[in-house]
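Asker: sequence and predicted structure, then a few things I'm wondering about:
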Amino acid sequence: MEYKPQKRLLGINNTKMLKSIELGYLTAILHLAPHKLSGVNICPKASVGCAMACLNTSGRGRFEFTQKSRLNKTYYFLKDRQKFLLQLNNEIKNFKKRAIKQGLKPAIRLNGTSDLLWERYPIRDGKNIMELNPDIIFYDYTK
């Protein structure tokens with residue numbers, strides 16, 4: 001379960017994410033390898049139906065390089081969680097600056113292809129990613 005250093009965790013070039021600009025939001029998303037693809041269940045609350053209907057391979061997700069990137073990010077999260085969370089937090093701070101510079105509100109979906117309870121992962125001073133970034137809109141999505 002080795003991983004290569006990741007330049008970027010958050011993605012913003014998703015077609016659906018780009019549509020949010022019309023509504024005044026700049027949106028970013030984090031995609032990990034869902035369910036048990038990494039050998040560890042990243043979607044612990046997923047039903048059998050959810051796992052079968054997973055959107056992991058829809059759109060650009062069908063490409064091998066996308067799947068490898070998602071697996072690599074998942075291994076990074078599993079092997080070096082604190083480093084992963086610190087990088088994610090830094091990316092969020094930079095993303096916020098970018099959104100404000102464009103006159104947009106920043107919004108982030110951390111569970112693009114996962115189902116993790118991000119509030120359970122402290123980063124600094126016992127605070128999680130949402131507590132460290134209270135001015136960011138974090139949202140989740142489920143079918």
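Answerer: Structure received.
Asker: and the strands in the protein?
Answerer: Applying DSSP state E to the chain gives strands spanning 10-11, 25-30, 105-109, 137-138.
Asker: need the contact list for the nearest residue to Ile100 once chain neighbours are set aside.
Answerer: Computed as C-beta to C-beta, 6 or more residues apart in numbering, the closest residue to Ile100 that is not its neighbour in sequence is Pro106, at 7.4 Å. All C-beta atoms are positioned from the backbone trio N, CA, C, and that covers glycine. Counting by C-beta atoms under 8 Å, 6 or more residues apart in numbering, Pro106 touches 25-28, 92, 95-96, 98-100, 136-137.
Asker: in this structure, where is pLDDT below threshold?
Answerer: 52, 56-57, 59-63, 142-143 (pLDDT under 70).
Asker: which residue ranges form the helices in it?
Answerer: Per DSSP state H, the chain carries helices over the ranges 15-19, 48-52, 64-79, 81-101, 129-132.
Asker: export those to TSV and tack on distance to Pro122 and mean neighbour count?
Answerer: Shown next, in TSV, are the helices of the chain (distance: least, C-beta to C-beta, whole Å; neighbours: other C-beta atoms under 10 Å):
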stretch	distance to Pro122	mean neighbour count
helix 15-19	27	12
helix 48-52	27	11
helix 64-79	15	18
helix 81-101	8	16
helix 129-132	9	16
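Asker: returning to that earlier point: between the strands of the chain, which gets nearest to Tyr76?
Answerer: Distance to Tyr76, taken as C-beta to C-beta, is lowest for strand 25-30 among those, at 11.4 Å.
Asker: show me what the closest one is packed up against.
Answerer: Under the contact definition 3 or more C-beta pairs under 8 Å, 6 or more residues apart in numbering; DSSP states H and E, strand 25-30 sits against strand 10-11, helix 15-19, helix 81-101, strand 105-109.
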